[in-house]
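Colleague: For reference, the sequence and a predicted model appear below.
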Amino acid sequence: MRYQIERLVGLGRMPSEREATSEVVARYEAAIEALPGRATDDEAIALLKLFPGDHSSLYGLAWTVLHFVETAPGWPIAGALDNRSWWVQVLRERATKCND
């Protein structure tokens with residue numbers, strides 16, 4: 001796994017907007033801005049644990065991660081699309097629509 005992904009994964013699950021300080025948001029933003037062009041399949045799976053537990057997007061940063069995950073060459077990865085969060089459910093719905 002590339003260091004940019006490890007750095008982002010190392011920050012842990014994104015907090016909601018109401019829980020996040022400006023410093024926390026800045027750390028996620030910097031790590032997300034450093035993401036390389038496309039995710040590998042393993043990186044996409046690793047990033048799924050970052051999504052907030054609610055519908056919060058951490059000021060849109062979760063959407064950026066979602067789009068990055070979708071760049072993985074093997075996406076959608078069926079075994080990874082479980083019910084761990086609302087965000088993973090959104091990814092599953094988007095994958096289903098793309099395959100229709």
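Modeller: Nice, thanks for sending it over.
Colleague: CA atoms of the lowest-mean-pLDDT helix or strand in the chain as PDB?
Modeller: Ranking every helix and strand in the chain by mean pLDDT, DSSP states H and E puts helix 86-99 at the bottom, with a mean of 85. What follows is helix 86-99, C-alpha atoms only, in PDB (Å, rounded to 0.1, in the frame of the first residue of the first chain):
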ATOM      1  CA  TRP A  86     -24.100   4.400   5.100                       C
ATOM      2  CA  TRP A  87     -21.200   5.300   2.800                       C
ATOM      3  CA  VAL A  88     -20.500   1.700   1.900                       C
ATOM      4  CA  GLN A  89     -24.200   1.200   1.200                       C
ATOM      5  CA  VAL A  90     -24.000   4.300  -1.200                       C
ATOM      6  CA  LEU A  91     -21.000   2.700  -2.900                       C
ATOM      7  CA  ARG A  92     -23.000  -0.500  -3.300                       C
ATOM      8  CA  GLU A  93     -26.000   1.300  -4.800                       C
ATOM      9  CA  ARG A  94     -23.800   3.200  -7.200                       C
ATOM     10  CA  ALA A  95     -22.100   0.000  -8.300                       C
ATOM     11  CA  THR A  96     -25.400  -1.600  -8.900                       C
ATOM     12  CA  LYS A  97     -26.600   1.300 -11.000                       C
ATOM     13  CA  CYS A  98     -23.400   1.200 -13.100                       C
ATOM     14  CA  ASN A  99     -23.900  -2.500 -13.800                       C
END
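Colleague: Which positions in that helix come out as buried?
Modeller: For helix 86-99, burial by neighbour count (16 or more other Cβ atoms under 10 Å) applies to W87, V88, L91, R92, R94. The way it works is simple: take the backbone N, C-alpha and C, and place the C-beta from them, glycine included.
Colleague: Now for G60: which residues touch it?
Modeller: With Cβ atoms under 8 Å, 6 or more residues apart in numbering as the criterion, no residue contacts G60.
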